[in-house]
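S.K.: what follows is a predicted structure for the sequence shown.
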There are 6 protein chains.
Amino acid sequence: MSELTHFNAQGRAKMVDVSDKKDSVRTARSTTSVLLNKAIYQQIKEGTNKKGDVFAVAQVAGIMAAKNTAQIIPMCHPLALSGVDIEFQWNVDEDANHYEVLLTAEVKTKGPTGVEMEALTAASAAALTIYDMCKAAGKEMVIGPTMLLQKTGGKSGDYLRK
Amino acid sequence: MSELTHFNAQGRAKMVDVSDKKDSVRTARSTTSVLLNKAIYQQIKEGTNKKGDVFAVAQVAGIMAAKNTAQIIPMCHPLALSGVDIEFQWNVDEDANHYEVLLTAEVKTKGPTGVEMEALTAASAAALTIYDMCKAAGKEMVIGPTMLLQKTGGKSGDYLRK
Amino acid sequence: MSELTHFNAQGRAKMVDVSDKKDSVRTARSTTSVLLNKAIYQQIKEGTNKKGDVFAVAQVAGIMAAKNTAQIIPMCHPLALSGVDIEFQWNVDEDANHYEVLLTAEVKTKGPTGVEMEALTAASAAALTIYDMCKAAGKEMVIGPTMLLQKTGGKSGDYLRK
Amino acid sequence: MSELTHFNAQGRAKMVDVSDKKDSVRTARSTTSVLLNKAIYQQIKEGTNKKGDVFAVAQVAGIMAAKNTAQIIPMCHPLALSGVDIEFQWNVDEDANHYEVLLTAEVKTKGPTGVEMEALTAASAAALTIYDMCKAAGKEMVIGPTMLLQKTGGKSGDYLRK
Amino acid sequence: MSELTHFNAQGRAKMVDVSDKKDSVRTARSTTSVLLNKAIYQQIKEGTNKKGDVFAVAQVAGIMAAKNTAQIIPMCHPLALSGVDIEFQWNVDEDANHYEVLLTAEVKTKGPTGVEMEALTAASAAALTIYDMCKAAGKEMVIGPTMLLQKTGGKSGDYLRK
Amino acid sequence: MSELTHFNAQGRAKMVDVSDKKDSVRTARSTTSVLLNKAIYQQIKEGTNKKGDVFAVAQVAGIMAAKNTAQIIPMCHPLALSGVDIEFQWNVDEDANHYEVLLTAEVKTKGPTGVEMEALTAASAAALTIYDMCKAAGKEMVIGPTMLLQKTGGKSGDYLRK
């Protein structure tokens, strides 16, 4: 069985050496969601129709978190990201009283390691920001499941969630 | 219907004024989880029995993220946290091929606003760190659902998830 | 003539001791501006009428910079801000081909030192963000003059720019 | 009319993809100023003749802010800067009671995007630091106008302010 | 034998709860040193007689690191520092070819925990900055020993190194 | 005599231009130590035999500080580190009542400047973290001497401490 690669001879965590990896274009796409109540749904919708836009703040939070990933995740390599985008989509079934926003984050770089963590961190920070801005209207919101949808580039090859 | 409080007269986001709120002791407890495969489960278990401890790194990541919450979540008030703790618990059913680690994060402060976001951010960062350190052995891991379990203190009163 | 207070006996900068100052509510309001061309004016206007809102991003940048002021300004005391807001106003004279956006930033705290620097930093970061997002359409934009409009609270008393 | 490039299909801000841009040497030079009163002028001058040097602190602030630009400006790409310098020049007319310090910031990188924002952010942070260290002697100081003087490198070509 | 206080029931690190500690004025003073060669000694001396002052940059680095201590030391509580100062003193014996700069850092706060770590971190960052700025003239420099000289305030009482 | 390279024509510090330096693989290895008392020694040892591991937290602190070096050391160039590792070794002589932990930090990058400062900063932050976690059992601990052991790569050639 292969071993976790993040540990040194003393058995403690290290930042794995990637100096012999080649720079290549790499992308990763992640998703998460925020399940929320009807009142919050209506307030966000109303805001996006005007200028007061919860998603605009969440978008900025996600993009900045992507750039900060190596500060948030201890063993993550610093990378100069070349692009970050986040999209929001409503998944609503009024009859079932189901109100949910789906987030996808897409990150791109040209570098020696992949950007899976950046994509997952961006989605998480954006979702947490939605929670923060709406929590006065209901603390029972649920974030996630959060997962990787796809990655491309790098020696380990592409990945597409089934 | 009450309005979202994070918007100003121009309809754009602001950091809400809390200068008339009293300092009081406040706590929040959140939970998340990481669903992973059997190989990762065995590797983490083996590591925690020795010194190589994925959870030790995740713990530090979560605590540092709690302190950084106001840098990650744009409208979140900066707070001098007085305590942060994170615990890990295995939820495993070998017969069902179900391997999951449950995380709970608990944050405490004496200040004018609650620490829900700090608790949620701590749990998220700890879970992302587990993902990062184990992703070489399986990118299909799923983080969350992430949610608030309990909060105490503050004018809005206590909250306990049912 | 009074001396600059930020220097120690060796003549080098120090962070002035404020431990005997009382916590009180303090506010500061600053202003700056961005002078830009007609094309940028039209593009921003069009964006704010839809969801694509340059000012929404600038708003988040300004609020986060206010919270980061003690990291950006070396001798500035860290403060737990209790509120931050930024507003945008067009000052346009089409006949004179004058297109300008005025920004005001307002910051509030309950603490031992004032928030002038936080207000000035917030306005500056918001203006820089407008420059960044519009620079593809004209690099000749001019930021500022940037100045303090008003401060209240603290032993040195209130200040109102004439 | 060309469109602002920072918006995605949903009309919200994104960090533009630059992964197909070539690395090249790029420079940018910006300027700003701080208008201040005679007492501050004399105190700074006296300090620079000894070791107590307001400009030395402002210099460090500007250089560190240049390195931090992608954390301050949300849609700005992270870049490994290869050089930063800031210079200060007095523009004084005693008869007209005019006391002003001019700052120029110069930033260099070898990378896929330009460093205009880094140069503007460096100048702004340096000017804000002068304001901070001298504000006890006069809050009416005025920062700016802040603008780009020159840029070189990159596909969009060189720019020189007229 | 008393146990280390930073571990939870699972045996992993936590940020200790200090919410029942009273705010009080606390100070700490630390020291470190940089041992360097004659050429570096002469270059620094020459610089401090003009404006080019290695110690001025080290001073700013130390003060900013003091404010950043809770970001650098994982289990350290965030504190709003009320004052930071650093002093430099030459300890030179030309006959013995001994060139050494002694640094002392003094930090003050009004808060629930002590500032020993802030004082030690400030001294360390200042010493590292001297190393960085002089390393082209000799990489054999030695930093430290680094230690706490004194602390005052807090329930555990005052400490003075013998 | 060669001059310090970090100063501009005005005699103030600058970040030296390295845009004409070639990217190459570079490594640096530093060392420091923490001298501590018998009680602390026993507590750390006991912890490492269980899961409560002071060194695991120090390890994470050192790795994160290495990534943060350009934020801590003002004139230090930002670098995308490709690997960081830290090791701990006991140097104990019970008869002489000597208890000391030796730390070595090793950093690797592929870039235009060396990683000496990253290695020294990593070791310093790890040592400070040990101090922080053990200080309740004895504030007389001594950190360092801290020094560079070795560097490889770059135009100035390799360095090995004698």
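M.R.: Perfect, thanks for sending it. Keep in mind it's a predicted model, so treat the numbers as computed, not measured.
S.K.: wait, what's in contact with residue A:99?
M.R.: A:35-38, A:40-41, A:90, A:92 (C-beta atoms under 8 Å, 6 or more residues apart in numbering or on different chains). For the C-beta atoms, the positions are set from N, CA and C on the backbone; glycine is no exception.
S.K.: ditto for residue A:114
M.R.: Neighbour list for residue A:114: A:26, A:28, A:151, A:153-154, A:156 [criterion: C-beta under 8 Å, 6+ apart].
S.K.: pLDDT at it, what is it?
M.R.: pLDDT, residue A:114: 95.
S.K.: ramachandran coordinates for it?
M.R.: phi -80, psi 170 (degrees, to the nearest 10).
S.K.: right, is the helix or strand hosting residue A:133 up against chain B?
M.R.: Counting by DSSP states H and E, the element that carries residue A:133 is helix A:116-134. Yes - judged by C-beta under 8 Å from any C-beta of the partner chain, helix A:116-134 comes into contact with chain B at A:116-117, A:120-121, A:124-125, A:128-129, A:131-134.
S.K.: I'd like those laid out as JSON lines, including neighbour count and distance to residue C:9.
M.R.: Formatted as JSON lines, those follow (neighbours: other C-beta atoms under 10 Å in any protein chain shown; distance: C-beta to C-beta, whole Å):
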{"residue": "A:116", "neighbour count": "25", "distance to residue C:9": "53"}
{"residue": "A:117", "neighbour count": "27", "distance to residue C:9": "48"}
{"residue": "A:120", "neighbour count": "31", "distance to residue C:9": "51"}
{"residue": "A:121", "neighbour count": "32", "distance to residue C:9": "46"}
{"residue": "A:124", "neighbour count": "32", "distance to residue C:9": "49"}
{"residue": "A:125", "neighbour count": "30", "distance to residue C:9": "45"}
{"residue": "A:128", "neighbour count": "27", "distance to residue C:9": "47"}
{"residue": "A:129", "neighbour count": "28", "distance to residue C:9": "47"}
{"residue": "A:131", "neighbour count": "26", "distance to residue C:9": "50"}
{"residue": "A:132", "neighbour count": "24", "distance to residue C:9": "46"}
{"residue": "A:133", "neighbour count": "29", "distance to residue C:9": "48"}
{"residue": "A:134", "neighbour count": "23", "distance to residue C:9": "53"}
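S.K.: can you lay out these as JSON lines showing distance to residue D:71?
M.R.: Shown next, in JSON lines, are the residues of helix A:116-134 next to chain B (distance: C-beta to C-beta, whole Å):
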{"residue": "A:116", "distance to residue D:71": "22"}
{"residue": "A:117", "distance to residue D:71": "18"}
{"residue": "A:120", "distance to residue D:71": "20"}
{"residue": "A:121", "distance to residue D:71": "15"}
{"residue": "A:124", "distance to residue D:71": "18"}
{"residue": "A:125", "distance to residue D:71": "14"}
{"residue": "A:128", "distance to residue D:71": "18"}
{"residue": "A:129", "distance to residue D:71": "17"}
{"residue": "A:131", "distance to residue D:71": "23"}
{"residue": "A:132", "distance to residue D:71": "19"}
{"residue": "A:133", "distance to residue D:71": "21"}
{"residue": "A:134", "distance to residue D:71": "26"}
